[in-house]
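S.K.: Sequence and computational prediction follow.
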Amino acid sequence: MLPQIALDGLFMAIGYLSGALPMGVIVARLTGARDPRTVGSGRTGGTNALRAMGARRAGLVALLDVLKGFVPVAAAALAGASDLGVALTGAAAVVGAWASIWLHFHGGRGVATGIGATAWMAPLAIPLAVPFFFGPILLTRYVSLGSLIGTLGGTVIIGVLVLLGYNVWPHFLFAVIGTAIVWIAHHDNIQRLLRGEERRFDPFARGDG
């Protein structure tokens with residue numbers, strides 16, 4: 001049986017490698033669709049997949065991105081990793097989604113993968129954070145603004161849940177690290193938002209399928 005620190009470290013590595021799987025690129029190649037890196041921001045996540053591949057494939061990409069955060073965190077918890085190890089596994093998955101070793105440390109923004117990790121650690125936070133995510137998008141049509149406010153709101157909510165005893169403190173640590181990564185990954189969006197040049201989401205835009 002592995003010592004606790006070795007078990008935690010093993011699942012952190014698994015979390016990173018899981019998060020690093022470029023689902024947008026994989027789905028594009030397997031289905032003959034357009035590579036999401038060739039449009040918009042050049043990222044591989046769900047929003048760019050929607051631009052490149054259309055709603056059905058983008059939905060699949062989003063689901064897979066969520067699972068690559070959920071699965072390693074759930075596996076770590078079920079295998080006996082510590083609370084801190086589980087939280088750092090989730091954070092490592094978000095890092096992998098943002099800076100994938102398979103894409104020369106490029107990738108997505110880490111939002112969906114962070115949601116997947118949160119779904120295991122703090123499932124109550126997800127419905128509570130929904131207004132913080134979708135509200136800004138509905139009002140402004142800036143997906144990036146929804147991601148920024150949604151992750152920040154989710155972190156605050158998880159912090160409150162920790163104070164109320166529903167979650168343990170490493171879950172808040174995960175939220176802080178994950179949100180920091182998401183905000184760093186959105187640095188170009190933040191600059192465009194400040195200049196008033198950010199791309200607005202067009203729900204009627206169509207990809208190739």
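M.R.: Here it is on my side, so go on.

S.K.: Longest helix of this structure, counting residues only.
M.R.: Using DSSP state H to assign secondary structure, the helix with the most residues in the chain is helix 55-78.

S.K.: other SSEs contacting the least confident helix or strand in the chain by mean pLDDT?
M.R.: One helix or strand of the chain scores below all others by mean pLDDT, DSSP states H and E: helix 46-53, with a mean of 86. Counting contacts by 3 or more C-beta pairs under 8 Å, 6 or more residues apart in numbering; DSSP states H and E, helix 46-53 packs against helix 23-31, helix 55-78. C-beta here means a position set from N, CA and C on the backbone, and glycine is covered the same way.

S.K.: where do the helices sit along this protein?
M.R.: According to DSSP H, the helices that the chain contains are 4-19, 23-31, 46-53, 55-78, 83-98, 111-121, 125-140, 143-163, 169-185, 187-195.

S.K.: what angle do the least confident helix or strand of the chain and helix 23-31 make?
M.R.: For the pair helix 46-53 and helix 23-31, the angle between their directions (axes from the mean of the first three to the mean of the last three C-alpha atoms, to 10 degrees) equals 30 degrees.

S.K.: ok, back up a step: quick one: which of the helices of the chain is nearest residue 38?
M.R.: Taking C-beta to C-beta as the measure, the helices of the chain were each checked against residue 38, and helix 46-53 came out nearest at 6.7 Å.

S.K.: Now do the closest one against helix 143-163, angle only.
M.R.: If you take the same axes, to 10 degrees, helix 46-53 sits at 150 degrees to helix 143-163.

S.K.: Export helix 46-53 to CSV, keeping only CA atoms.
M.R.: Written as CSV, here are the backbone C-alpha positions of helix 46-53 (Å, rounded to 0.1, in the frame of the first residue of the first chain):
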residue,chain,number,x,y,z
GLY,A,46,-16.5,24.2,-25.5
THR,A,47,-17.1,27.8,-26.8
ASN,A,48,-14.4,27.5,-29.5
ALA,A,49,-15.6,24.0,-30.3
LEU,A,50,-19.1,25.4,-30.9
ARG,A,51,-17.6,28.0,-33.3
ALA,A,52,-15.7,25.3,-35.1
MET,A,53,-17.8,22.2,-35.0
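
S.K.: Need the contact partners of that helix.
M.R.: Helix 46-53 is touched from outside by 24, 27-28, 31, 33-42, 57-59, 61-62, 65, 108, 112, 143, 201, 205, 207-209, with contacts defined as C-beta atoms under 8 Å, 6 or more residues apart in numbering.

S.K.: go with 6 Å
M.R.: Counting by C-beta atoms under 6 Å, 6 or more residues apart in numbering, the neighbours of helix 46-53 from elsewhere in the structure are 24, 33-34, 36, 39-41, 58, 61-62, 112, 143, 207.

S.K.: again with stretch 70-84
M.R.: 4, 7-8, 11, 14-15, 18, 86, 89-90, 93, 116-117, 119-120, 168, 170.

S.K.: Are any of those buried, and if so which?
M.R.: Of the members of the contacts of stretch 70-84, the ones counted as buried by neighbours, 16 or more other C-beta atoms under 10 Å, are 7-8, 11, 14-15, 18, 86, 89-90, 93, 116-117, 119-120, 168, 170.
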